[in-house]
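**Q** dropping a prediction and its sequence here:
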Amino acid sequence: MKKSLITVISLGIIHCTFAQTTPVSPVKAPVHLSIDLGQPGKKLSPMLYGLMTEEINHSYDGGLYAELIQNRVFKDKVDTAVHWSLIGDPATANMILVNSEPINRALTTSLKLELQKGSGEAEFANDGYWGIPVKPGTAYRASFYAKSTFKGAELTVKIESKDGKSTFAFGKIQGLTGQWKKYTVTLNTPANIASTLNARFSIMATQPGSYWFNLVSLFPPTYKNRPNGNRVDLMEMQAAMNPRFLRFPGGDYLEGKRLEDRFAFKNTIGDISTRPGKNSRWYYRSSDGMGLLEFLQWCEDLRMQPLLAVYAGYSVGKGYLATGEDMKPFVSEALDEIEYVIGDQSTPFGARRAADGHQQPFNLNCVVIGNEDFFDKSNTYEDRFSQIYDAIRAKYPQLKIIATAKVKSRKADLLDEHFYRSPEVLRSMTKRYDNYNRDSIAIFVGEWAAQDAKPITNMNAALGDAAWLIGLERNADIVKMECYAPLFANINKGAFQWGWNLIGYNGLTSFGSPSYYAQSMFATHYGDQSIAAIAENVPEETWQAPKVGEKPQPAPITIPTFFSGATMDTQKKLVYLKLVNSSGAMQTVKIDLKGAKKLNANAKVLSLSSANIKDLNSISEPRKIVPVASTFKAVSNSFDYQLPPYTIQVLTIKISN
């Protein structure tokens, strides 16, 4: 992820998309698309389509990670219990944070509730991540550490409306002692209630005395019922994208703003009670509930390969570490992290992984060294990369290694390139890799997006994304992997920091952007060969980027309005024809399919389109723009095809011979 919005704009990477586009010349004849199915195609990378996430926009806490309590260990703000409130008479009850009753090195700050004699009851509540989501007929698992000066004290645990007038679920905890102990209770909501976010989680005491609490947690049902698991709907949305890998722990979240805020994997493994958490790069605290093992289980659950990124000595706000002695501990840390992932149980960290509950090693094939080190103006990445590279190569020669900036002294297996552009500029770049030197380093497009509309992108962005993907598929012999970024955004006000994202959600529901559906359409209709598709008489338009600040206005650019690509599943004898019309006019395409003696006349069609290029999906209209299936019944070796305006399509054509 880019270091800051200001930096990105200063580099000219983000472009406004409100400028007008105008046709260069009127269309005089149909587009002519010629595809020779008899010629051998380029072998496609089976790993092209993947996912990239990081802790931004409340992607993990308040997003995929299913924990519903915000500030569960009372460290989000020093001396203030943010997201917690006292419900009761402040004259007879009090709630404060204390550091005098630690449980362990991670759980050092506890909430102390004091209730005077004869005062009735006191309750403290958490407002969750923009509300506690309540669904009918659902079992929620609440847990916390507690102790009390009142021997045998009883607590009532509730999910209730924010005004306290309605209780959706409750349970009892009994027998508190003067020693810390973990308590767990299941809260079941009735089947006849309506779903709501107008809820809070609370714990109520009725007996006088002092009470201490720590690691207060509430989980709904999770994907595959993992106890520290992920939100079901967001996992299902990812599964529909057919991803082949997950790049983690993400962009700036890997590095942190400071050295101490990096993703230090040893602080993220083991029971969640041993995880101290840290400051996120994006201005809120991370619980580290989504730790290294959870990332790996995420991959396992969606049958993805893990793509592990290791810290390379560069942090966003505090510069870099010197090579040599200063880097040695972090080189060792990277090796230990890899060992946790793929080491057998005879190794120290392989044994630790087994103790954490996963006996077998994971299938790791690739490691990324650092993140966006092209931002490091000291030009020290070459040396830092070399030091880590040599150590990984020596111990794990089977692993492929990805560089995040160009290096000369060592031969990386792939180079990570990032592109954030306006939809128009991204459409103009679709031939970027057509003439790329095939003897050069392979490419990993590790972050990219067409950016228009916030916080979840619109149809205009999807057209740019689809055109770009056609270019990547056409060159998937050299472009081995790609992943859009960012993947997630909590759409509540104050929840997101980055404006252009693939999947949006609040606590109750989620939705995909048009770009999400475009990527899903392409990834599920991919195949194993890229077939040359030659388009002629393609109409064009000019696009003028608006003037930004005092800088000279960029020169206008000429952009095609029709994009096409073809891939084939050689085993199933299926041709996937991808078409994009980014103009507001219907385009007639004359399609010639050579080299196939017999074609099935009926082609399956998936179409994503909208009458307005600025249309988008939202919480209130989650399926405004979704793929529509139909059948085209006139496929032959030469046929005319009508491609509607603002449309992305995949035609599946069966070769019968």
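**A** Yep, that arrived.
**Q** which stretches of the stretch 551-657 of the chain have low pLDDT?
**A** Applying pLDDT under 70 to the stretch 551-657 of the chain flags the ranges 657.
**Q** can you give me the strands for it?
**A** Here the stretch 551-657 of the chain has its strands, by DSSP state E, counting those that start in this stretch, at 557-560, 562-569, 574-581, 587-594, 603-609, 628-632, 638-643, 647-654.
**Q** can I get the ones you listed in CSV including distance to residue 96 and mean neighbour count?
**A** For every residue, glycine as well, the C-beta is placed using N, CA and C. Compiled in CSV, these are given as follows (distance: least, CB to CB, whole Å; neighbours: other CB atoms under 10 Å):
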stretch, distance to residue 96, mean neighbour count
strand 557-560, 60, 18
strand 562-569, 61, 24
strand 574-581, 59, 25
strand 587-594, 67, 18
strand 603-609, 54, 20
strand 628-632, 57, 11
strand 638-643, 65, 15
strand 647-654, 56, 22
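**Q** is it possible to export the ones you listed to a markdown table including distance to residue 342?
**A** Conversion of the strands of the stretch 551-657 of the chain to a markdown table gives the following (distance: least, CB to CB, whole Å):
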| stretch | distance to residue 342 |
| --- | --- |
| strand 557-560 | 45 |
| strand 562-569 | 31 |
| strand 574-581 | 34 |
| strand 587-594 | 45 |
| strand 603-609 | 38 |
| strand 628-632 | 41 |
| strand 638-643 | 47 |
| strand 647-654 | 36 |
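**Q** so which of the ones you listed comes closest to residue 162?
**A** strand 603-609 (38.7 Å; CB to CB).
**Q** angle of that closest one against strand 647-654?
**A** Counting by axes from the mean of the first three to the mean of the last three CA atoms, to 10 degrees, strand 603-609 points 170 degrees away from the direction of strand 647-654.
**Q** show me where this structure dips below the pLDDT cut-off.
**A** Ranges of the chain meeting pLDDT under 70: 1-28, 657.
**Q** secondary structure element holding residue 183?
**A** Per DSSP states H and E, residue 183 falls inside strand 181-188.
**Q** same question, residue 218
**A** Assigned by DSSP H and E, residue 218 belongs to strand 209-219.
**Q** I'd like the distance from the helix or strand following that strand to the chain centre, please.
**A** Using DSSP H and E, the helix or strand that follows strand 209-219 towards the C-terminus is helix 232-239. Computed by CA atoms, centre = their mean, to the nearest Å, the chain-centroid distance of helix 232-239 equals 11 Å.
**Q** stretch 206-220: how far from the chain's middle?
**A** Put simply, stretch 206-220 sits 33 Å off its chain's centre (CA atoms, centre = their mean).
**Q** residues of it that come out buried?
**A** 207-220 (16 or more other CB atoms under 10 Å).
**Q** ok, stretch 253-269 next?
**A** Buried, per 16+ other CB under 10 Å, within stretch 253-269: 253-257, 259, 261-265, 267-269.
**Q** cool, stretch 548-558 as well?
**A** Neighbour counts using 16+ other CB under 10 Å place residue 557 of stretch 548-558 among the buried residues.
**Q** also stretch 162-174?
**A** 168-171, 173.
**Q** quick check: closest non-adjacent residue to residue 109.
**A** With CB to CB, 6 or more residues apart in numbering as the criterion, residue 109 has its nearest non-adjacent residue at 4.6 Å, and that residue is residue 74.
**Q** if we can go back for a sec, the buried residues of stretch 206-220: which two are farthest apart?
**A** Checking the buried residues of stretch 206-220 with CB to CB, the most distant pair is 208 and 220, at 33.7 Å.
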